[in-house]
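Undergrad: Generate a structure from the sequence data that follows.
(one chain, ligands or ions: 3)
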Amino acid sequence: MANVIVIGAQWGDEGKGKITDLLSDSADVVVRYQGGVNAGHTIVVKGQTFKLHLIPSGILYPDTECIIGSGTVIDPQVLITELDQLKELNISTDKLFISQTAHVTMPYHRLIDRAAEERRGNHKIGTTGRGIGPTYADKSERTGIRVLDLMDTQGLRDQLEWTINYKNVILEKLYNLPPLDPQDVIEEYLGYAERLRPYVVDASLKIYDAIQKRRNILFEGAQGTLLDLDHGTYPYVTSSNPVAGGACVGTGLGPTMIDRVIGVAKAYTTRVGEGPFPTELQDECGELLCSRGAEFGTTTGRKRRCGWFDAVIGRYAVRINGMDCLAITKLDVLDELAEIKVCVAYEIDGERCEDFPSSSRRFQQCRPIYKTLPGWQQSTSDCRSWEDLPTQAKDYLKFLAELMKVPIAIVSLGASRDQTIILEDPIHGPKRALLQADGTPVSLVNK
Ligand code: GDP
Ligand code: IMO
Ligand code: MG
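TA: Ligands and ions are numbered 1, 2, ... in the order given. Down below sits the predicted model:
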């Protein structure tokens with residue numbers, strides 16, 4: 001029995017969907033614990049592509065229960081579209097459950113998200129425009145609508161009449177937007193309520209019951225460590241806690257129940273939206289990573305900014321998440337390169353800095369210090385074992401593991417399930433705490 005958290009170790013889009021789907025094979029329950037439809041998780045199975053925003057990436061396994069936990073924010077319209085799309089593909093959603101205490105994204109959240117971004121001008125965050133920030137803001141302000149409110153017809157009418165009139169003041173007076181008609185919104189959401197009612201449960205209780213029965217639970221993070229509201233590159237972050245700690249808060253589970261944390265990182269770095277990105281490449285090499293990696297957002301279609309692997313943020317992600325091991329994805333994207341750079345430290349005001357600076361002002365000033373490694377210049381997409389990999393690719397992976405002091409358990413070489421090398425059992429392999437006497441991790445990268 002093992003309860004495992006899968007998190008993004010960079011700025012999102014690391015390939016969490018692929019890795020979660022892969023690991024779901026040995027999970028009984030897969031749980032999303034934060035974020036909303038800002039997430040876009042892609043799974044490719046036998047040439048068929050599935051893009052999920054809210055539904056956990058375990059849904060392709062018919063016997064696996066999937067839970068949308070209380071720390072998420074749910075846009076019912078998008079969720080229902082996702083349910084319909086899965087139905088069309090003959091994927092059962094009978095084992096999907098939705099937490100009754102998750103918050104609901106309303107039309108005014110989306111409108112305010114987009115209007116606020118426009119108003120910010122040069123200071124914009126580059127949000128997905130899906131109403132995520134305003135939904136979480138209402139949760140904190142204690143004016144949010146929860147799934148259980150949605151299920152209470154008369155209560156919802158009362159609550160929404162008041163809330164929409166209040167939000168209309170903001171829409172009209174602050175953003176010069178037309179007001180929403182409370183009755184229209186109420187009717188629309190009551191329709192959604194009927195559609196979603198069969199899925200609604202006390203998710204915390206359901207997860208606890210599963211744990212009591214020694215079932216395997218996989219917690220699927222959305223976004224990534226550097227987009228964490230508390231620990232990311234604030235203010236260029238999302239409004240939830242993608243870090244491993246968020247899994248406990250976002251599901252109502254105690255930390256003693258968690259066995260293992262698996263980080264997912266690309267073999268290079270990408271970022272969507274605004275904010276500092278020390279290793280960003282604004283040259284043809286960046287373009288090459290973008291085109292080879294098909295780096296366009298799953299949710300918004302925006303072009304992702306691309307750059308070299310940053311081991312400073314990698315080390316930070318290991319620390320903040322208590323990471324046991326890493327899955328390195330998209331190694332194949334580097335196949336053509338003659339040389340590959342890795343950021344090993346930063347320079348700030350002429351001084352070398354090994355640790356991620358928590359001050360956003362200092363982070364803005366970071367200049368990467370690179371180590372250059374030789375590329376392998378051959379295809380890795382058909383490699384299926386450590387031995388199949390070119391020597392330079394093995395050296396690259398060893399170098400990353402040594403820099404971050406964490407074992408690499410999985411290497412991904414393509415979007416499909418089978419384009420994967422499992423170096424050590426990510427769920428039952430050695431814990432990161434078991435460092436060797438010289439401080440290096442117990443890891444297959446020492447092979
Ligand atoms: P997530 O948000 O972390 O789940 O990642 P996304 O799905 O948004 O973005 C990752 C993209 O890379 C998707 O299109 C995946 O199909 C694709 N992908 C995942 N792993 C690999 C890999 O190892 N190689 C390549 N070439 N593509 C991959
Ligand atoms: P997955 O789960 C990459 C980014 C947005 C923006 C910032 C805030 O697919 O990895 P928000 O709409 O959340 O208020 O936007 O966060 N962002 C993501 N970037 N992958 C994601 O999700 C993201 N979700 C949000 O681009 O910079
Ligand atoms: Mg994504």
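Undergrad: which SS class is the closest residue to residue 50 other than its chain neighbours?
TA: Distance criterion C-beta to C-beta, 6 or more residues apart in numbering; nearest residue to residue 50, sequence neighbours excluded, is residue 43 at 4.5 Å. Where you see a C-beta, it was placed from the backbone N, CA and C, and this is true even at glycine. Assigned by DSSP: H, G, I helix; E, B strand; the rest coil, the conformation of residue 43 is strand.
Undergrad: ok, now which ones touch residue 43?
TA: 17, 18, 21, 49, 50, 52, 57, 60 (C-beta atoms under 8 Å, 6 or more residues apart in numbering).
Undergrad: gap between the fifth one and residue 227?
TA: Okay, so that is residue 50. When distance is defined by C-beta to C-beta, to the nearest Å, residue 50 is 23 Å away from residue 227.
Undergrad: And these two? Which one has more around it.
TA: residue 227 (29 against 20; other C-beta atoms under 10 Å).
Undergrad: dump the residue contacts of that one.
TA: Contacts for residue 227 (C-beta under 8 Å, 6+ apart) come out as 8, 11, 12, 233, 237, 238, 242.
Undergrad: which residues touch the second one?
TA: Meaning residue 11. Applying C-beta under 8 Å, 6+ apart to residue 11 gives the contacts 224, 226, 227, 233, 269, 270, 271, 272, 277.
Undergrad: Just say helix, strand or coil for residue 373.
TA: From three-state DSSP, the assignment for residue 373 is strand.
Undergrad: Can you verify my assumption that it contacts residue 344?
TA: No: between residue 373 and residue 344 there is no contact, the gap being 10.8 Å when judged by C-beta atoms under 8 Å.
Undergrad: And residue 285, which helix or strand is it part of?
TA: Applying DSSP states H and E as the criterion places residue 285 in helix 284-292.
Undergrad: hmm, I was thinking of residue 157
TA: Secondary structure (DSSP H and E) places residue 157 in helix 153-169.
Undergrad: List the buried residues for that helix?
TA: 156, 157, 159, 160, 163, 164, 167, 168 (16 or more other C-beta atoms under 10 Å).
Undergrad: and if you look at stretch 239-259?
TA: By 16+ other C-beta under 10 Å, the buried positions in stretch 239-259 come out as 239-253, 258-259.
Undergrad: for stretch 288-301, same thing?
TA: 288, 289, 290, 292, 293, 295, 297, 298, 299, 300.
Undergrad: What confidence value was assigned to the fifth one?
TA: In the prediction, the pLDDT value recorded for residue 293 is 97.
Undergrad: residues in contact with it?
TA: 266, 268, 270, 306, 330, 333.
Undergrad: separation between it and ligand 3?
TA: For residue 293, the distance to ligand 3 equals 12 Å [C-beta to the ion, to the nearest Å].
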